[in-house]
Every structure is written in structure tokens, then in C-alpha cells.
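J.: Quick one, what's the 3D model for this:
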Amino acid sequence: MSAWLIVAAVILTAASGAPGVLADRRGRACERLAVWLMVLGAACGCAGGLLGALGMGSELAAAWPVPGGSLSVGVDAISGMFAIQISVVTALGAVYGLEYWSQAGHPQNARKLRAFYGVTTAGLLLIVIARNAMLFLFAWELMAVGAFLTITTEDEKPLVREVGYVYLLATRIGTLALFAMFALLFAASGTLDVDGWAAAMSSGTADAIFVLALVGFGLKAGVMPLHVWLPGAHANAPSHVSAMMSGSLIKIGIYGLVRITALCAHPPMWWGIAVLVAGTISGVLGVAFAIGQHDLKRLLAYHSVENIGIICIGLGVALIGRSTGRVDLEVLGLAGALLHVWNHGLFKALLFLSAGSVLHATGTRDIDRLGGLWRRMPRTALAFLIGAVAICGLPPLNGLVSELLVYIGLFRSVTDTGGTSWLACAFAAPALALIGGLALACFAKAFGAVFLGAPRTAAGEHAHDPGGTMLAPMAALAACCLFIGLGAPLIAPLLDQAIAAWSGDPAPRLVTLAPLTAVALVAGGLLIALALAARAIRTTRRVPATVGTWDCGYASPSARMQYTASSFADTLVSMLAWALRPARHVTTPSGVFPASARVETHVPDVVLDRGLRPAFALAGRYLGRFMFIQRGSVHAYLLYILGALIVLLLWR
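T.: Sure thing, here's the model as predicted:
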């Protein structure tokens, strides 16, 4: 039953945008129909995923006239957890898009966006249930092409086209790695079906398969330094597409790693250490680059790199536990990773939708041009604040629960004195604490500069909260963050089922290894205390006559005199300059009465902007010297082919 439900979800979401393609550009009926089909598909996906997560999975198979292919799908606890998360995030994003990217407001591209949003969702759901390599690659391409066409919705803008091509190049490289991985699996097992691959992971090609999986799936997940496509794509896509990509699409890379590592009963120790180190680097550098950003959505994009790092730390702990026979580490590490997949999907989607609300109201993503929105957009400000508290891992919200599981796994692994794994975990634990501290500083900057203080522009002065179709998905995501924070013991059975599907062996229940009940009680008590404090402040505060803020003797204070995002983060950016390599442009004041002074700081991506772009430019200039080879002459091309054949014959 679960497999049928998710197959129905795939069909409904894929077809959701089709009616609108043939309808009038400004018509409302088809866009509402598309949203209803997405919601219905999400309901089927959630129902099927929940059945799978509860251990009531099922399989379906049918013939497919493709060499090596079969329409073989199956739902287990791992598939179920990912299907639930994909369904929830994409359905709420579709509802949000009904107002944010309406047919009437965007007649040129709304139909295209809605159609390929559904196609991307269908590809995501099909990936998590595919049990054949050819079907998996078909779904992967469906997702990749759909995502490219949603990212480039505003393809009339040069920057949007550029980031779209960067994404396309990155996903092509990742797909090539997956082709090679599946080829090795087929060569070692003789089958393209998942059920026969366990033998391949005990062969001599297992290490090569793991490396290819780490590259192919790591590119999709955005693990640093394979993250080059992610900041630009998330920043320039429509905001509900950014929420879908950060909340669901990049998690497909994590799903692939979980699936491949599940096939190996006794992985080498270096697998876990490699994933742990990659996660630590992604977490620390992801949040470091986020601190230096001026673009609100680009800041959130780098936090996706950070949280993918946290997920990889948990997966690394689980792999180390499997290598050393420590079942407790398997349970804690994988539970922390899978729960953080859910948690990050929820609070990051909430943050992107809140950022989209700000962009919708003010027309800018530049943090230094925002400010004072708390009084003008209180509901959006509250949603962003809830997402910020959750992503920083603070109680009483959900981010704390998954990060706590990873912490406990790291602390337990340090007690294992055999081998060298404890050393990697000993470095990862304080790194995770550093990630949390830097995230707190980054969101203090973002929330303060965007929502507190005074408006810096006329658009900010006249901003207001959006309508109900944008606020309702934000409220639903905020409620989910609160539910997991307060009801962590209720989620534990689903995690137990997923851990059993991954390990294949009996494992202790999660509630026996982590104090989830105590966390829920503390979170509930803190929530009650906060509610009482807020009520007391509201009822006892007496607002005095309006007076100006103390202005240090200035006769006419203005919004320009308040902290900007750049000035707030300047100290941290300077401390992390060895990694960030910020660019600073200063116009110093001169004369007795200086007319102007200006300070601008930029933190470009070190890998893409300072590494790959110059390298590609240099290669382009060098290879341009060989353009004479392409003469446009058929005779010349035939001569090249003849020469190549002669060389090959002589070589053989």
C-alpha cells in the first residue's frame, strides 16, 4: 500500500503544472488546480511515507523495455522518512507560491515555474523509492532538469542564467560520478537492482564505489568544497523554490550516501572518518561564509552548507560505530543525521519563506538596505525568529534535539580508545560547538539588521505582512519545529525503524541512549516560562510619551547611524579572514569637513570565485589558441577521424 501511495504522489505532482501550460497566462483556475494536485500528492506521499517509516513498507515491480531497467520501487523506513519531508516542504511551498509568484503577477514565467516545480517534486519522490539503477538515474535526471528550469525562472537576468549554468555543470559532473558508481556495482554484482548490491560492497571495488558516491551525492548535497553551485542557485531562485531546494533537494545527496553505506556490513574505518571530516569542514566554513554575506538569501544558502555538515558528522559517527562494532554509535549518529534532515528541512524552509516575504514586501535581499521591519511585518518577523532559534540549536525548538543526538554520539566515541577514530571525534565535538556559536552570531546579525532598528529605505518604511496564503505555510512550518522540539519521544519510534533498516541488526531503542523525555520536559517548561514572561511584560508595560533614542549628542540622528550587517560582522570576518579572504574597499575621509567616506566589504566564495573561475578563464585563454583546429571543413574533420583510427590501430 505504501508504494502505491507514493507512486500516486509521483503522478499527481508531475502532472500538477500540466493544465496551466495550456491555459491563459493570467488565469487563476489552473494555478489553483496545480496547488490542489500538489497538496493531494503530498497527502499521498506523507501517508505512504508514514506507513514505510512505521515498518509497513511494500514493493512493486513491472517490466520496463530499457536495457537493465525495471520499474522496481519499494518503500522502507528510510524511504518513508525522506518521502514525508519532501512532501511536506514542497506542498507548503506550492501554497506559498500561489500568492508569492502568482499567474497575474508573473504572466511570463509563472506557468513554467509551476510545471517544473511539480516535475522536480516527482523526481525527488521517485528517487527515494527507486530500487533499480536505471530507474534511479531516470528520476535523478528528472529532478536535475526540473530544478535547473525552476532556478532559471527569471532567465532574462544574466546573473540567473549564470548560476543556472553553474548548477547544470555541477549536476552533470555529479551524474557522471553516479554512472561510474553504478557501473562498478554492476560489474561486481552482475545486477542493476539494489537487492543484489550487498555482495559488491564486500568486493575489492567497495572503496572506489564509496568515493564515487561521496563525490556524486556530495555535489548534490553541497558538501564543501563541492558546494559551488549552491549559494548562487538558492539566492537567485524564487523563494519557495529555494525552500524546496534547501529543504528537500540537497537532502537527496544525504539519502544516496545513507543508501550506499547501508549496503556495507563492515565498512573500513576511513569511510566514517572521511565523512566526519568532510562534515566538520562544511559545518565550520559554511557558517563562517554565511557571517560575511550581505544578501539575505545567500546567507541562508551558506547555512545549508553548514547544516549538511552537521548531518554528515552524524553519519560519520554512525559509520565509525559500524566499523568498530559500537551499536550505540550507530544509533545515535544515524538518528541525529536523519532527524536533522527533517529539522533542517523544516526550519530552513521557514527561513527562506520568511526571507521571500521580506523580498516580496521591500523588493531587495540586501541586508544593509533593510531594517525596522518588526513593527511593519510582525508575523514575518516572528516566523523568522522561530526559524533562527531553531537553526541555532536553541530550546525549545527542534534543532536542539538532533544536534544533541550528534553531540552524545561524539562524546561516546571519544571514550573508545581503540584505533584513531576517537581523535577525529575529539576534534569534531568542539567544532560542532563552534558551529553553534557562529550560527548564533550570524542570526543575531541577520535578525537585528533586517527587523530591528529603523527602516533604511522608503520601501522598508511602507512594508507590510503578506496575505494568508503566504503566512499559512510559514505558520505550519513553525508549528512543526515546535512539535518536534516538544515531542521528540514521539519521533523516536520512526528513527528506530530507520536505524533498523540501515543496520540490518537489532539495535537498542533511541530513548534508552538519549534523554529525549527530559529534553521534551525542559523544552515544555521553558516554553511556558517564556509565555508567562511575555504576558507579564505585555500587561505591566506602560508606554511613555514618544521620545527619541539617546543620540550621543547628535542633533539629527538618522537610520544611517545604526549598525549595518557589515559593521556587526566585521570583527568575526576579520578573525576568519584566513579562510574567507574578504575583499575590502575603503574611501577614507579627507579634509576638515569631509564630504564622504565609505567602507564596503565582500566575501566571495573561495572555491568558485577565487579558484574555479580564474582556473576556467586561464584554461579558456590557453585552449583558445587551438581554435584553428575547428575550421568548419568536413574534409578536415574526416582527416582527424582517419588520423585517430590510424593511431588506435597502431596502439592495439
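
J.: Where do the helices of the stretch 251-400 of the chain begin and end?
T.: 251-262, 269-291, 296-324, 327-362, 373-376, 378-391, 399-414 (DSSP state H, counting those that start in this stretch).

J.: my guess is L400 contacts V406, does it?
T.: No: with contact defined as C-beta atoms under 8 Å, L400 does not count as touching V406 (11.0 Å). C-beta: built from backbone N, CA, C; applies to glycine.

J.: These two: who's more crowded?
T.: More crowded of L400 and V406, by other C-beta atoms under 10 Å: V406, with 29 against 24.

J.: any idea how far A518 is from the more buried one?
T.: V406 sits at a distance of 17 Å from A518 (criterion: C-beta to C-beta, to the nearest Å).

J.: how about V341, what does it touch?
T.: 81-82, 85, 251, 254, 311 (C-beta atoms under 8 Å, 6 or more residues apart in numbering).

J.: For the helix or strand of the chain with the lowest mean pLDDT, name the packing helices and strands.
T.: Lowest by mean pLDDT, DSSP states H and E among the helices and strands of the chain is strand 598-602, with a mean of 76. For strand 598-602, the packing partners by 3 or more C-beta pairs under 8 Å, 6 or more residues apart in numbering; DSSP states H and E come out as helix 565-575, strand 583-587.

J.: Just put those in CSV and tack on distance to Y165 and mean pLDDT.
T.: As requested, these are exported to CSV (distance: least, C-beta to C-beta, whole Å; pLDDT from 0 to 100):
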stretch, distance to Y165, mean pLDDT
helix 565-575, 29, 81
strand 583-587, 24, 78
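
J.: Let me know which of the ones you listed is tucked in deepest.
T.: Most buried of those, by mean neighbour count (mean count of other C-beta atoms under 10 Å): helix 565-575, with a mean of 18.

J.: what angle do that one and helix 296-324 make?
T.: 40 degrees (axes from the mean of the first three to the mean of the last three C-alpha atoms, to 10 degrees).

J.: Need the pLDDT of D24.
T.: For D24, the pLDDT comes out at 68.

J.: Check the one 10 residues further on too.
T.: The predicted local distance difference test score for A34 is 89.

J.: Could you double-check that it lies in contact with A94?
T.: Yes: judged on C-beta under 8 Å, A34 makes contact with A94 at a distance of 7.2 Å.

J.: Quick check: which ranges of the stretch 251-400 of the chain have low pLDDT?
T.: For the stretch 251-400 of the chain, applying pLDDT under 70 flags no range at all.

J.: do that again at 90, thanks
T.: 263-267, 292-294, 321, 323-326, 328, 363-364, 366, 368-372, 375, 395 (pLDDT under 90).

J.: cool, the stretch 551-652 of the chain as well?
T.: 551-637, 651-652.

J.: And the helices in it?
T.: Listed in chain order, the helices of the stretch 551-652 of the chain (DSSP H, counting those that start in this stretch) span residues 565-575, 577-580, 613-623, 634-651.

J.: List the contacts of I151.
T.: Counting by C-beta under 8 Å, 6+ apart, I151 has contacts 160, 163-164, 167, 233, 236-237, 241, 245.

J.: residues touching G345, list them.
T.: Contact analysis of G345 by C-beta under 8 Å, 6+ apart lists 85, 88-89, 246-248, 251.

J.: again, only using 10 Å
T.: 82, 84-86, 88-89, 243-244, 246-248, 250-251, 307, 477, 480 (C-beta atoms under 10 Å, 6 or more residues apart in numbering).

J.: Looking at these, which is nearest L22?
T.: M244 (24.1 Å; C-beta to C-beta).

J.: That closest one touches G356, doesn't it?
T.: No: at 11.7 Å, M244 and G356 do not qualify as touching, with contact defined as C-beta atoms under 10 Å.

J.: so what sits against both of these two?
T.: 93, 97, 238.

J.: Skip the chain neighbours and tell me the closest residue to V573.
T.: G292 (4.7 Å; C-beta to C-beta, 6 or more residues apart in numbering).

J.: F427 versus the one you found, what's the distance?
T.: From G292 over to F427 the distance is 24 Å, taken as C-beta to C-beta.

J.: So for the two, which residue has more residues nearby?
T.: Per other C-beta under 10 Å, whichever of G292 and F427 has more neighbours is G292, with 26 against 13.

J.: Isn't that one up against T571?
T.: No: if you go by C-beta under 10 Å, G292 and T571 don't touch, sitting 11.5 Å apart.
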